[in-house]
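1. what shape does this take:
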Amino acid sequence: MNFLIFGAGAIGSVFGGFLEKSGHEVTLVGRDAHMKAVRNKGLHITGIWGEHHVKIPRAFTSPGEVTFDKAPDVIFISVKSYDTAQSAKAVSHLAAPGTLIISLQNGIGNVEAIAEVAGRERTAGGRVIFGVEFDRPGHVEVTVYAEEVMLGFPWQSGHKEKLKAVAGAVNNAGIPTLYTEEIRKYLWAKLLYNAALNPLSTLLGSTYGYLSEHEETRGLMREIVEECFAVAMAEKTPLFWERPEQYYKVLLERLIAATAAHHPSMLQDIRKGKRTEIDAINGAVKEIGKRLKVPTPVNETITTLIHALEKRGK
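-> Got it, this is the predicted structure:
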């Protein structure tokens, strides 16, 4: 297949590298220093999935530089959530009617933002729950892995078989991946994971594992999860769990255990003086709660504190 990875940072580079290595044609669009290093020296991937050095000559800094003899089969969008709508517009001219556009992003609302530009028929969501740290230009490290990547349509589409083939291609490339009919549940499951872990780890400068070791942080995580469940129930959003305590048990016993050594990308953003994705995570819970008159004081406070950190960083 022919893949375009738009937003080839840490996660996008891993997808691009493994797909190119397995024989697919990959085009990357990312930041200048990283793309220049990839073009000149190749992409170096290290970490828990082994060491790989992949040559990807088609590495660009703008979609305006990209040309195709044949439109890509798949466009993966892996930019920060606040850039989703703009990114969808930026790559729309590169897509054909049969091109699938798939969000590989944190937070909720990204798939809907892409669909407003590309249409629902060919817009899909991806749940990614492995961790990657950007070491230096041309070099990324896979640090932790919790579960398979899940790909699916949140609505009816005539492209299910093609998306199943994409999931198979990514899985065969070395990134555990499955097709699902329940992508909304998986996206909300990741929202629960991110909302409970990312901002607290960022505020404390800690790993995920640290949060499970202390009564104070365990209590805050429980309250965040309870508020998320209250909002989901009010919105009639289906989840895999009926009660917050069921998910909280999974979070502590399985998910944090599998990713205990990880530092969130949100913390990396703060350290670099960059904007975070808090508004698509805890901020999204706060906004839905406000709309539905569901109190979310902990998520609101967490969101405010992260915004304060952003301003201090700048």
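2. in space, what's closest to residue 51 - neighbours in sequence excluded?
-> With CB to CB, 6 or more residues apart in numbering as the criterion, residue 51 has its nearest non-adjacent residue at 7.2 Å, and that residue is residue 45. For every residue, glycine as well, the C-beta is placed using N, CA and C.
3. so where is this protein shaky, pLDDT-wise?
-> Low-confidence segments of the chain (pLDDT under 70): 313-314.
4. hmm, back to that, just grab the bridge partners of the residue nearest to residue 51 for me.
-> Taking DSSP bridges as the rule, residue 45 bridges to residue 52, residue 140.
5. number of residues surrounding it?
-> By the criterion of other CB atoms under 10 Å, residue 45 has 23 neighbours.
6. so it makes contact with residue 56?
-> No - with contact defined as CB atoms under 8 Å, residue 45 does not count as touching residue 56 (11.0 Å).
7. can you check which residues contact both of these two?
-> Taking CB atoms under 8 Å, 6 or more residues apart in numbering as the criterion, residue 45 and residue 56 both touch residue 17.
8. for the stretch 101-250 of the chain, which segments are assigned as helices?
-> 110-118, 160-173, 183-204, 208-212, 215-235, 244-250 (DSSP state H, counting those that start in this stretch).
9. off-centre distance for the longest one?
-> In this case it means helix 183-204. Here helix 183-204 shows a centroid-to-chain-centroid distance of 10 Å under the convention CA atoms, centre = their mean, to the nearest Å.
10. check the second one too.
-> From the chain centre to the centre of helix 160-173 is a distance of 18 Å (CA atoms, centre = their mean).
11. for the residue lying closest to residue 111 once chain neighbours are set aside, give the beta-bridge partners.
-> Sequence neighbours aside, residue 125 is the residue nearest to residue 111 in space, at 4.3 Å (criterion: CB to CB, 6+ apart). Listed beta-bridge partners, residue 125: residue 103, residue 152 (assigned using DSSP bridges).
12. pull the contacting residues for residue 125.
-> Neighbouring residues of residue 125 by CB under 8 Å, 6+ apart: 102, 103, 110, 111, 151, 152, 153, 154, 183, 184, 186, 187.
13. show the buried residues in the residues you listed.
-> Buried members of these, scored by 16 or more other CB atoms under 10 Å, are 102, 103, 110, 111, 151, 152, 153, 154, 183, 184, 186, 187.
14. domains in the chain, by residue range?
-> Annotated domains of the chain cover 2-181, 185-313 [automatic domain parsing].
15. got the end-to-end distance for the first one?
-> With CA to CA, to the nearest Å as the measure, the first residue of domain 2-181 is 24 Å from its last.
16. what's the angle from the helix or strand where residue 311 lies to helix 183-204?
-> Under the criterion of DSSP states H and E, residue 311 resides in helix 297-313. Counting by axes from the mean of the first three to the mean of the last three CA atoms, to 10 degrees, helix 297-313 lies at 60 degrees to helix 183-204.
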